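[1] please work out how this folds:
(6 chains)
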Protein chains: 6
Amino acid sequence: MNNSWFTLPTLLLAIAVVPAEATQDERRVRGEKVIETLAGTGGQPVLQQMHKDFPFLAGAITDYALGDVWGREVLDHRTRQLATVSAFAAQGNLPQMKIHAGYALRLGVTPDELKEIIYLTTVTAGFPRAIDAAQALREVLASADASPP
Amino acid sequence: MNNSWFTLPTLLLAIAVVPAEATQDERRVRGEKVIETLAGTGGQPVLQQMHKDFPFLAGAITDYALGDVWGREVLDHRTRQLATVSAFAAQGNLPQMKIHAGYALRLGVTPDELKEIIYLTTVTAGFPRAIDAAQALREVLASADASPP
Amino acid sequence: MNNSWFTLPTLLLAIAVVPAEATQDERRVRGEKVIETLAGTGGQPVLQQMHKDFPFLAGAITDYALGDVWGREVLDHRTRQLATVSAFAAQGNLPQMKIHAGYALRLGVTPDELKEIIYLTTVTAGFPRAIDAAQALREVLASADASPP
Amino acid sequence: MNNSWFTLPTLLLAIAVVPAEATQDERRVRGEKVIETLAGTGGQPVLQQMHKDFPFLAGAITDYALGDVWGREVLDHRTRQLATVSAFAAQGNLPQMKIHAGYALRLGVTPDELKEIIYLTTVTAGFPRAIDAAQALREVLASADASPP
Amino acid sequence: MNNSWFTLPTLLLAIAVVPAEATQDERRVRGEKVIETLAGTGGQPVLQQMHKDFPFLAGAITDYALGDVWGREVLDHRTRQLATVSAFAAQGNLPQMKIHAGYALRLGVTPDELKEIIYLTTVTAGFPRAIDAAQALREVLASADASPP
Amino acid sequence: MNNSWFTLPTLLLAIAVVPAEATQDERRVRGEKVIETLAGTGGQPVLQQMHKDFPFLAGAITDYALGDVWGREVLDHRTRQLATVSAFAAQGNLPQMKIHAGYALRLGVTPDELKEIIYLTTVTAGFPRAIDAAQALREVLASADASPP
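    Predicted coordinates for the structure are as follows:
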């Protein structure tokens, strides 16, 4: 779906493990690299606005969620996005599910693979949650079709 | 962790898609094959008891959840179990999470890969859910160590 | 509220229990009859769209949720809809609650009976969920007043 | 299952609507009558303990939940218990589900009717919740068999 | 932010504890005084509409939630609003969170104190819930800036 | 309840804000100071075990949740613990609620103040959640009575 996938191994080599002497500044830089990999060079708009009025939250998302967690290496990025979409679909957190379904598409996950996660959601969380998630995914797929990378 | 993994491709070839003329009996047989793949020849004890006093529920789990959903082919079994563990950890459904973490180990998922799902849960569902899930996974791993296949 | 209620006993006689030799095609037909009883001959629009882009999910809803579960006979349709509205109100699943409140009205449940379920929700799930459910039910009742069958 | 059912109409005539001049004392008496109808003359042990160390909560349950809500008349007691069991099963609140399944049995609801609520829960809240609820109901039914009224 | 804060001690002296002989009418009056303290003389619009079509629910909110619970004295109003905003943020109940964040501002809680509750929510309920709550609080603060009392 | 409260202002002066050049090691030390303040010199046993088998999770709890979030200064520790207990009670997360109710008692919050949070929970999350939380708090209070500091 785009070519950011090919730059991923290089990125991952660079960010590997947080050394004990890593500073806050270094964590921030690492988190910003991850968000660029997932969301593209435009960045993630919700996060950018948040840096202005909820700076601690925006910082924590960048440093911890993106840098520390998404920067880890044991699972590949595709599997992790599928597991994340599954978690958000099961919880009924549709805005987050849509963001991560978009990241998954950028990483080369296919629409049919994402639909399988929805079908799985009928078992983990029931039909209503699966129906909600299907409608949210439909919007993500329509939007990706409208603006291919 | 065991060798049931090697028989999986054969099984999957056999169960592929439910043809329109498939009967209830045929769906039941397919669901029973999937449960054998995931849980071993001993079967799944909770499900076996349920066939006695909640027959419709046990039948639906076997025919629909196991046969129709888990019998699908687009995602591989390992990715699907990781996505399922992620969903149950995020919801705080620990008994179900433990069952599927056990299935994942049987399919060759490593303990470290399962721990990554827990770490991811701090982001999708918060620290309390991740702590609960870590403690549940610890029990699964201890139990797998105590009785290797 | 409409006369589909009078055709219900006949329908129920027809769909009774799924015999072991029932085929997928027969389950589909049965599910479609149930949806016609609940939603009218126009069908359920969310479900119709889903047959196109999430065919497995639409099929599962029709065959399993509608055919297998709603086609059962032990509880009457009215009690089952009230129990379903109660479950969705307690979970805060308002879109689903509205769909089933609409089905309930079609089956002859009165607005005052539905309001009792809302009042009960203050006990099962707290005031916020009850307030949300009241506002959702208000829309269903306004819509039913605007287009009587 | 017991004969408290036959005294219900009399009780309901007595408690009908809370008049504007009803005092706190009168609400308390009404709530205590409802709990006697549902739980028998032994009372509800969790509630009795709570009157000692969480008196406001115990009072609110008695006066509001039992007196004001369960003392209402539009729905019959059986339908209301089934709707309540459905709500608690969908939420995964098993201790509360068990209490109300016990009340339902006392009011003459059959085990098979309660099982239908469980089957319905596969649709409203997914298989895991239904499995949990089935196991909880099994305990209620075993306990009712062991000590018939 | 406004001067209703200064009248609070007087109000609280007046409503203290519900005497056993308090009537329904007296509880209603007390609840209405609390809502005036929290929401101003204009009242709470959601509640006012509800008195018309869901009278039992509107009455219960006024008499029980506002009169009985919010009229209590052990915790001060500010702490209670912060605890309430924390609960609603953790549950993801944003409409209720916004109502109570508005009450908190009226009682003199600062925007920075409310933001701390959001930051805390990353720990109690995860980043997604905190992100949702931050966006909801942003709207409350913008609205308070636009119409200072 | 103990005298760790008196050392708190000193601690808070020390940890104030994370400077951009703070290293991972420094964050760890700060988090460990906070846990000592909240849980006493014995530390928090769940966390200590987790450092062995889920090291990333234990590190994140120490560095982020305890160091970064609980080390902040805008709200005082007592208000923050009350808000946290309120969030966990509303979510029905009882193990976490008990840990933080214990921290609150250590910081000088009274049992009656904690009971108010339970009473508030009837409004934010319904009677069942409040009943569960009351029973959990009862255990915390009994345990604190049995082993006063």
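
[2] same for the helix or strand encompassing A:Tyr119, what does it pack against?
    Here A:Tyr119 sits within helix A:111-125, counting by DSSP states H and E. With contacts defined as 3 or more Cβ pairs under 8 Å, 6 or more residues apart in numbering or on different chains; DSSP states H and E, the packing partners of helix A:111-125 are helix A:77-91, helix A:94-106, helix A:127-146, helix B:77-91, helix C:55-60, helix D:127-146. Heads up, the C-betas are built off the backbone N, CA and C, glycines and all.

[3] at 7 Å instead, please
    Helix A:111-125 is packed against helix A:77-91, helix A:127-146, helix B:77-91, helix C:55-60, with contacts defined by 3 or more Cβ pairs under 7 Å, 6 or more residues apart in numbering or on different chains; DSSP states H and E.

[4] tell me how far the residue nearest to A:Ser86 when sequence neighbours are not counted lies from chain F.
    Excluding its sequence neighbours, the residue lying closest to A:Ser86 (Cβ to Cβ, 6 or more residues apart in numbering or on different chains) is B:Ala83, at 3.8 Å. The spacing between B:Ala83 and chain F, counted by Cβ to the nearest Cβ, to the nearest Å, is 20 Å.

[5] C-terminal to the one helix or strand in chain A whose mean pLDDT sits lowest, what's the next element?
    Counting by mean pLDDT, DSSP states H and E, chain A has its least confident helix or strand at helix A:4-15, which shows a mean of 35. Moving toward the C-terminus from helix A:4-15, the next helix or strand (DSSP H and E) is helix A:24-39.

[6] returning to what we had before: dump the helices and strands packed on helix A:111-125 into a markdown table; add distance to B:Ile118, mean pLDDT and mean neighbour count as well.
    Below are the helices and strands packed on helix A:111-125 laid out as a markdown table (distance: least, Cβ to Cβ, whole Å; pLDDT from 0 to 100; neighbours: other Cβ atoms under 10 Å in any protein chain shown):
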| stretch | distance to B:Ile118 | mean pLDDT | mean neighbour count |
| --- | --- | --- | --- |
| helix A:77-91 | 11 | 96 | 27 |
| helix A:127-146 | 22 | 94 | 19 |
| helix B:77-91 | 7 | 96 | 27 |
| helix C:55-60 | 29 | 95 | 19 |
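
[7] for the closest residue to A:Val74 other than its chain neighbours, which residues are in contact?
    Nearest residue to A:Val74, sequence neighbours excluded (Cβ to Cβ, 6+ apart): B:Glu116, at 4.7 Å. Taking Cβ atoms under 7 Å, 6 or more residues apart in numbering or on different chains, we find B:Glu116 in contact with A:Arg72, A:Val74, A:Leu75.

[8] closest one of these to F:Ala58?
    Using Cβ to Cβ, A:Arg72 is the member of the contacts of B:Glu116 that lies nearest F:Ala58, at 14.9 Å.

[9] enumerate every residue touching the closest one.
    B:Glu116, B:Tyr119.

[10] helix/strand/coil for it?
    coil (DSSP: H, G, I helix; E, B strand; the rest coil).

[11] confidence score at it?
    Per-residue pLDDT puts A:Arg72 at 91.

[12] for A:Ala65, see how far away it is.
    11 Å (Cβ to Cβ, to the nearest Å).

[13] now the most centrally placed residue in chain A. Nearest residue, chain neighbours left out?
    For chain A, the residue nearest the mean C-alpha position is A:His100 (3.9 Å; Cα atoms, centre = their mean). The spatial neighbour of A:His100 that comes closest, neighbours along the chain excluded (Cβ to Cβ, 6+ apart), is A:Thr84 at 4.7 Å.

[14] what count of nearby residues applies to A:Glu26?
    19 (other Cβ atoms under 10 Å in any protein chain shown).
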